[in-house]
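Below is the sequence, then the predicted model.
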Number of protein chains: 2
Amino acid sequence: MENPKNAFYAQSGGVTAVINATACGVIQTARKHKTKIGKVYAGRNGIIGALTEDLIDTSKESDRDIQALMHTPSGAFGTCRYKLKSLEENRAQYERLIEVFAAHNIGYFFYNGGNDSMDTAHKVSQLSRKMGYPMACFGIPKTVDNDLVITDNCPGFGSVAKYVATSIREASYDVASMAETSTKVFIMEVMGRHAGWIAAAGGLAQEREGDGPHIILFPEVPFNQAEFVKKVKQAVNDHGFCSIVVSEGVRNKQGKFLSDVGTKDAFGHTQLGGVAPTIANIVKAKTGYKYHWAVADYLQRSARHIASKTDLGQAYAVGKAAVEMAIKGENAMMPTIVRKSNKPYRWTIGQAQLSRMANKEKMMPKSFITKDGFHITQKCRDYLQPLIKGECPPPYRNGLPHYVRLKNKPVKKILNTEFKI
Amino acid sequence: MENPKNAFYAQSGGVTAVINATACGVIQTARKHKTKIGKVYAGRNGIIGALTEDLIDTSKESDRDIQALMHTPSGAFGTCRYKLKSLEENRAQYERLIEVFAAHNIGYFFYNGGNDSMDTAHKVSQLSRKMGYPMACFGIPKTVDNDLVITDNCPGFGSVAKYVATSIREASYDVASMAETSTKVFIMEVMGRHAGWIAAAGGLAQEREGDGPHIILFPEVPFNQAEFVKKVKQAVNDHGFCSIVVSEGVRNKQGKFLSDVGTKDAFGHTQLGGVAPTIANIVKAKTGYKYHWAVADYLQRSARHIASKTDLGQAYAVGKAAVEMAIKGENAMMPTIVRKSNKPYRWTIGQAQLSRMANKEKMMPKSFITKDGFHITQKCRDYLQPLIKGECPPPYRNGLPHYVRLKNKPVKKILNTEFKI
């Protein structure tokens, strides 16, 4: 009897609080089907590990440590920001992948990332066929940006959403109690360079009249300073304070990022990042209110301690589903999340061809943003609400979340040829 | 039989994740001793509520809502940044306080705050005696800065400490997995204008060789750029990444805040706040490493969702103890936390005279900072560790922490005279 083919799994791009839950879904499901799938090799630092033949043998990890991936944020095998060029531009990269995969008897390719990664998985699938070493290739969705098409949402997003909504609620309570004599305006900057999904999630913190956040600044809505300042003053007049969520991707009418035009360092260089201080300066100059600002940055996407149980479940499910598709003989597919109903929230796993996913971006629909451009609509709430539902705290030791670090033992190299990245 | 005297309770200064637990301790304990203490009136927006005769009748709140204060961050009655002047400078303020207290039959004064507040409580106690309307006055400790003398620690601090250590651990995991091709340096700014207690707490996230944070920048240690840059490079060489906690209060050798000298806005104005971007710019200029930075700001002190159970218990206990002291006939006192042992951690409530607390600041001892000035010692860990221990999550509704908002019904004014703040 022939040895079953091994599988390759890699994490790509920015990590999330639950991408390791997807890895857990992949590895646990493969372990249950040892007659169909041999070992799961992970790429050290993502696809770079495949190109450099730096593979991690996940079979050396205990069941217990693999289970602990469920509560461990970040990318357990390392990830990379490295986009493969097009086939025309750098065919050698793709051929190298196939060469490494063939050397290690890898017949399954699982690529866990955003739309770039779906594109890569699709190309590997096409080229492997042409090269006479057919591979079953799967994308597995992951991105805090929530911008993949077809799938209802993206694993990783629900947990950032829960973090952002929780944080702005807590900070809003704080400011409300200080506003009489101190801070009246609070600004929290969140991720989302192109789409406002994460900023929108902050809106869930507002349940009653007067609750923060009072203003959300979306990348989808060109920044209108006069309207914004009016809105700030109104909130302070009506509620005593104003709490604001701003997306890092907010642009002015000329399409320039506010974070690029606002702040210069002591040497006169534009300081990258930091739209919150830019907004704070506008508030100060135009209203005189005392302000505070926060930039959540990586805290938001690594906050496994406040991850959404729904998100965690979906992250696991897409990993499991990808392996099950492989076993069924599918190819060039991505498992999707399909929403069956809002109340009660029900979902199932579907699938989409990689060719339909690749390099597309899902923006916030217009109907999700209020007419004035400063908040979310009920329709948006109905969409977002279920995604943050449920708690799944990690285990704690000595007062801190106890996260696993895998052994990450290398697979012995077979090719031993160098490949320049 | 004479009606028992009422009590006045006010929250002062910056709020915390657990100051409402202290309020809960005060109110629940007073409700158990109705023959000794009448109603508990809270100052709306702190001491300002007393000066303006804007009192809140906490007896109108249900037992259930008072209990919900245990899991609600911020100051439920409002607080203020308003320091009473010295007796010589503004005796009228103190006399007004006594006038309002006398009008409302208030015989107990509970002031929940930092060292300024202890000073105020002490003065009210002295003056009331002189004016022939003796009041029993108590300070109740509260400050995320952990800088009150005598008491082992300050309620509010343990929860910020837990938030900061958890956050830098999570972000460090994140960066570690990205560092090969992307961000190599992560900088997180935390509170602590004068003392480095909060920054020090970040150090607890480091349990094993290579764990972040690799560098802590304390207000107690003048910033040495060359040494700092060397340290960053070393961490990246040794561990692949460098994770940094920086206190907002870090100063250069001339004693100027780094946050004041670093960043200017587009108009050339010094931008207040934000030492993290200043440090990031140094990293960029001197190492070229890709960096990210976060500023936690109010998120850290309002993060009830990750509060320390030890801290919560102590916050309640000091509130309860203050009322019990009042019933016993004490005066001009503050309940303290007394540490009995580290392992296992045991503590009890003690008491200190307000005169001994007022206007003093407890800095980090030298023995808590490593010789190179960039991390915490084992002695510091032994002190901090128990304070972050235990979890006490709030109830969740629709995926978000469910916090109470009190009715905050006003007490009918008796004086009806205006008092200018």
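Structure received.

which residue sits closest to A:Asn105, ignoring its sequence neighbours?
Leaving aside its sequence neighbours, A:Asn105 sits nearest to A:Asn6 (C-beta to C-beta, 6 or more residues apart in numbering or on different chains; 5.3 Å). Where C-beta positions appear, they are placed from N, C-alpha and C, glycine not excepted.

What pLDDT does the model give the one you found?
Looking at A:Asn6, its pLDDT is 98.

just A:Tyr298 next, same as before
For A:Tyr298, the predicted pLDDT is 97.

what's the spacing between it and A:Thr143?
Per C-beta to C-beta, to the nearest Å, A:Tyr298 is found 15 Å from A:Thr143.

can you check A:Lys233 too?
Computed as C-beta to C-beta, the A:Lys233 to A:Thr143 distance reads 36 Å.

what about those two, which has more around it?
Ranked by neighbour count (other C-beta atoms under 10 Å in any protein chain shown), A:Lys233 and A:Thr143 place A:Thr143 first, with 26 against 16.

for the more buried one, phi and psi?
phi -180, psi 130 (degrees, to the nearest 10).

so who does it touch?
A:Gly13, A:Gly14, A:Thr16, A:Gly113, A:Gly114, A:Asn115, A:Cys154, A:Gly156, A:Phe157 (C-beta atoms under 8 Å, 6 or more residues apart in numbering or on different chains).

can you give me the mean pLDDT across stretch A:214-225?
Across stretch A:214-225, the average pLDDT comes to 97.

and that stretch, how far from the chain's centre?
For stretch A:214-225, the separation from the chain centroid amounts to 22 Å (computed by C-alpha atoms, centre = their mean, to the nearest Å).

Hmm, the residue nearest to A:Asn105 is touching A:Phe110, no?
No. Using C-beta atoms under 8 Å, A:Asn6 and A:Phe110 do not qualify as a contacting pair, with a distance of 11.4 Å.

Looking only at neighbour counts, state which of those two leads.
Counted by other C-beta under 10 Å, A:Asn6 and A:Phe110 do not tie: A:Phe110 has more neighbours, with 26 against 21.

give the contact list for that one.
By C-beta under 8 Å, 6+ apart, the neighbours of A:Phe110 are A:Ala7, A:Phe8, A:Tyr9, A:Ala10, A:Val26, A:Phe138, A:Ile140, A:Gly319, A:Ala322, A:Val323, A:Ala326.

Touching, the third one and A:Val26? I think so.
It refers to A:Tyr9. Yes. With contact taken as C-beta under 8 Å, A:Tyr9 and A:Val26 are classed as touching, separated by 5.3 Å.

Give the residues shared as contacts by those two.
Common contact partners of A:Tyr9 and A:Val26 (C-beta under 8 Å, 6+ apart): A:Val40, A:Phe110, A:Asn112.

Now the phi/psi pair for the second one, please.
Taking degrees, to the nearest 10, you get phi -120, psi 120 for the backbone angles of A:Phe110.

What residues are bridge-paired with it?
On the basis of DSSP bridges, A:Phe110 is bridged to A:Tyr9, A:Phe138.

For it, give me the pLDDT.
Looking at A:Phe110 specifically, the model assigns a pLDDT of 98.

what residues are up against the spatially closest residue to A:Gly196 that is not a sequence neighbour?
The shortest distance from A:Gly196 to any residue other than its chain neighbours is 3.5 Å, reached at A:Phe218 (C-beta to C-beta, 6+ apart). A:Phe218 sits next to A:Gly196, A:Ala199, A:Ala200, A:Ser247, A:Val250, A:Met364, A:Ile369, A:Gly373 when contact means C-beta under 8 Å, 6+ apart.

right, and the fifth one touches A:Gly274 too?
It stands for A:Val250. No. Using C-beta under 8 Å, A:Val250 makes no contact with A:Gly274, being 11.7 Å away.

before we move on, the earlier item: any idea how far the residue nearest to A:Asn105 lies from A:Gly38?
4 Å.

Now the common contact residues for those two.
Common neighbours of A:Asn6 and A:Gly38 (C-beta under 8 Å, 6+ apart) are A:Asn105.

Next, find the distance separating A:Ile98 from A:Thr278.
Following C-beta to C-beta, the distance that separates A:Ile98 from A:Thr278 is 47 Å.

A:Leu258 too?
Using C-beta to C-beta, one gets 5 Å for the distance from A:Leu258 to A:Thr278.

just A:Gly107 next, same as before
To A:Thr278, A:Gly107 is 51 Å away according to C-beta to C-beta.

about what we covered before: let's see if you can find the most crowded of the contacts of A:Thr143.
Taking other C-beta under 10 Å to define a neighbour, the member of those with the most is A:Thr16, carrying 33 neighbours.

Just to check, it is in contact with A:Pro73?
Yes. With contact defined as C-beta under 8 Å, A:Thr16 and A:Pro73 form a contacting pair (7.3 Å).

Strands of the stretch 1-150 of chain A, start to end?
A:6-11, A:40-43, A:55-57, A:106-113, A:136-141 (DSSP state E, counting those that start in this stretch).

tell me the angle the fourth one makes with strand A:136-141.
In other words, strand A:106-113. With axes from the mean of the first three to the mean of the last three C-alpha atoms, to 10 degrees as the basis, strand A:106-113 and strand A:136-141 are set at 20 degrees to each other.

quick one: buried residues of strand A:106-113?
Neighbour-count burial for strand A:106-113, counted by 16 or more other C-beta atoms under 10 Å in any protein chain shown, picks out A:Ile106, A:Gly107, A:Tyr108, A:Phe109, A:Phe110, A:Tyr111, A:Asn112, A:Gly113.

where in the stretch 151-300 of chain A is pLDDT low?
Under the criterion of pLDDT under 70, the regions of the stretch 151-300 of chain A flagged as low confidence span A:261-273.

Please parse chain A into its domains.
Under automatic domain parsing, the residue ranges defining each domain of chain A are A:6-143+A:304-356+A:390-401, A:157-302.

Let me have these in JSON lines, adding distance to B:Gly240 as columns.
Putting the domains of chain A into JSON lines (distance: least, C-beta to C-beta, whole Å) gives the following:
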{"stretch": "domain A:6-143+A:304-356+A:390-401", "distance to B:Gly240": "9"}
{"stretch": "domain A:157-302", "distance to B:Gly240": "16"}
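
right, and these - which one's nearest B:Ser355?
When the domains of chain A are ranked by proximity to B:Ser355, the top entry is domain A:157-302, at 26.7 Å, counting by C-beta to C-beta.

Compute the first-to-last residue distance for that closest one.
As for domain A:157-302, its first-to-last residue distance stands at 11 Å under the measure C-alpha to C-alpha, to the nearest Å.

Same question for stretch A:75-88.
In terms of C-alpha to C-alpha, the two terminal residues of stretch A:75-88 are separated by 30 Å.

Do that stretch and chain B come into contact?
Yes. Counting by C-beta under 8 Å from any C-beta of the partner chain, contacts between stretch A:75-88 and chain B involve A:Gly75, A:Ala76, A:Phe77, A:Gly78, A:Thr79, A:Cys80, A:Arg81, A:Tyr82.

Check those residues for burial and list the buried ones.
Neighbour-count burial (16+ other C-beta under 10 Å) is assigned, among the residues of stretch A:75-88 next to chain B, to A:Gly75, A:Ala76, A:Phe77, A:Gly78, A:Thr79, A:Cys80, A:Tyr82.

Contacts only, for the fourth one.
A:Gly78 is in contact with A:Gln11, A:Gly43, A:Arg44, A:Asn45, A:Gly46, A:Gly49, B:Ala176, B:Ser177, B:Met178, B:Glu180, counting by C-beta under 8 Å, 6+ apart.

I'm done for today, thanks for sticking with me.
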